[in-house]
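*Asks:* Compute the structure for the input listed below.
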Amino acid sequence: MDWFVLLTYFDRKIGPKIFFTYPEQIINEKFSLIIANLMDQISSEEFFIYSFNNHHTLNYYFEINSDWARGCKEMLMLTTVFGNKPSFETEKIIFSLYIEFSEWLKQKEGIFSAFYNGNEISNLNDDQNIALNREHVQLWVKEFYGTVKEEIQDKLEEENIAQLLDRNDVLETLGYISKRGPISLNDLTKWFNKKFEGKNFHKIMIALLKNHMIDIPKIGGKKKSPFIVHISKEIDAIVKLVITKNKLIKQFIKNNIKLHPFKEETQELRDFLKKVFFKT
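*Replies:* You can find the predicted model right below:
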C-alpha cells in the first residue's frame, strides 16, 4: 500500500506549515499549498476526507493548549495520504487512531514547544525543551504510522481468511484435510480435481499457505514428493465450527419450512412486510 503520514501545524508567522512526514517524502510546493489550504478552511476539531489528483487524504484537525500561541492554542492537522482510495474499514481504523494521537498530545505537558524553533526563544532551557519535544512528536508520528500499518494488515488478513472460509471449495477442502488428518499433496490433488473439476487447485493452495491456514513442512526443501499437507490447529477448530454451523442452519431452515409453510399466506405475508418496511 502506497501511503504516508504528515503532521501540519499553524506557524504564527507564515501560516500552515508541514512539521513532519513519515516515511520521509519529498513534498512539492503545490502539494504543500493544498494541505495548507485544507487547514485554513477548518475552524473546529473534525475529521474530513479530501481527494485531489491521485491523492486521497484522511485528515483530522485538532488543537492543543499552548503558553506561547495567540489564543493559547496550537492548531494541528494529522493527515494520512494514500495513492489509492482506502477502504471504509481502513478509514475507521485511522480515524480512531487519530483520537489516540491527539489525546496524547493534549495530555503531554509543554509539548507545544515542539512547534517552535530556537531562534524564536531566547531562554536556553526553552531551546533544549523545544529540541526534546520535537523528537517526542516525531517519534510518536512514526509510532502512529507503525500502528496504522499493523492494524490495516491485521484487518486485511482477517478479511482474507473470512472470505476464504465463505467459499465452498475451500471449506470442503479444509474439512477433508481435517477429517483425514495430514495427507499427501498428490492424494489431495486427486481428490480435489475429482470433487471440483475445473477449479484451480494450485491457486487455492497458495492462498491457504499465504494465510497460514495449512502447512507443507518440506516445501522448498531437497526432499521430493510426496509432500504432506497439514491443517493448522486453529483453522482445524474453526473449520469444524463453521461446518457444524452450516449444518445447523440447513436443518433449521428445513424444519421451519415443513412446520410453517407460506404457500397459502404469501399475499398476506407480502402485505405485512410492505406495512413494516414501507411506512410513510
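*Asks:* Can you name the residues bridging to I18?
*Replies:* T8 (DSSP bridges).
*Asks:* can you list contacts of stretch 242-252?
*Replies:* The contact list for stretch 242-252 (CB atoms under 8 Å, 6 or more residues apart in numbering) reads 165, 171, 175. (Glycine included, C-beta is placed from N, CA and C.)
*Asks:* ok, and for it, which residues are buried?
*Replies:* Residues of stretch 242-252 classed as buried: 242-243 (neighbour count, 16 or more other CB atoms under 10 Å).
*Asks:* ditto for stretch 35-46
*Replies:* Neighbour-count burial for stretch 35-46 [16+ other CB under 10 Å]: 35-36, 38-39.
*Asks:* swap in stretch 80-94?
*Replies:* Buried residues in stretch 80-94 (16+ other CB under 10 Å): 80-82, 86, 90-91, 93-94.
*Asks:* for stretch 173-184, same thing?
*Replies:* Of all the residues in stretch 173-184, those buried under the rule 16+ other CB under 10 Å are 173-178, 183.
*Asks:* Helices of this structure, residue ranges please.
*Replies:* 29-40, 88-107, 124-165, 168-180, 185-195, 201-210, 233-259, 266-277 (DSSP state H).
*Asks:* wait, which of those helices is closest to F115?
*Replies:* Among these, the nearest to F115 by CB to CB is helix 124-165 (8.1 Å).
*Asks:* okay, the angle between the closest one and helix 168-180?
*Replies:* Interaxial angle, helix 124-165 versus helix 168-180 (axes from the mean of the first three to the mean of the last three CA atoms, to 10 degrees): 80 degrees.
*Asks:* which residue packs closest to W140, ignoring adjacent ones?
*Replies:* Once flanking residues are discounted, W140 sits nearest to W104: 6.4 Å by CB to CB, 6 or more residues apart in numbering.
*Asks:* I130: neighbouring residues, count only.
*Replies:* By other CB atoms under 10 Å, the residues close to I130 number 20.
*Asks:* Quick check: it vs F252, distance?
*Replies:* 66 Å (CB to CB, to the nearest Å).
*Asks:* Neighbours of the residue nearest to W140, how many?
*Replies:* W104 is flanked by 16 other residues according to other CB under 10 Å.
*Asks:* what pLDDT does it get?
*Replies:* According to the prediction, W104 has pLDDT 88.
*Asks:* likewise P23?
*Replies:* The model reports P23 with a pLDDT of 91.
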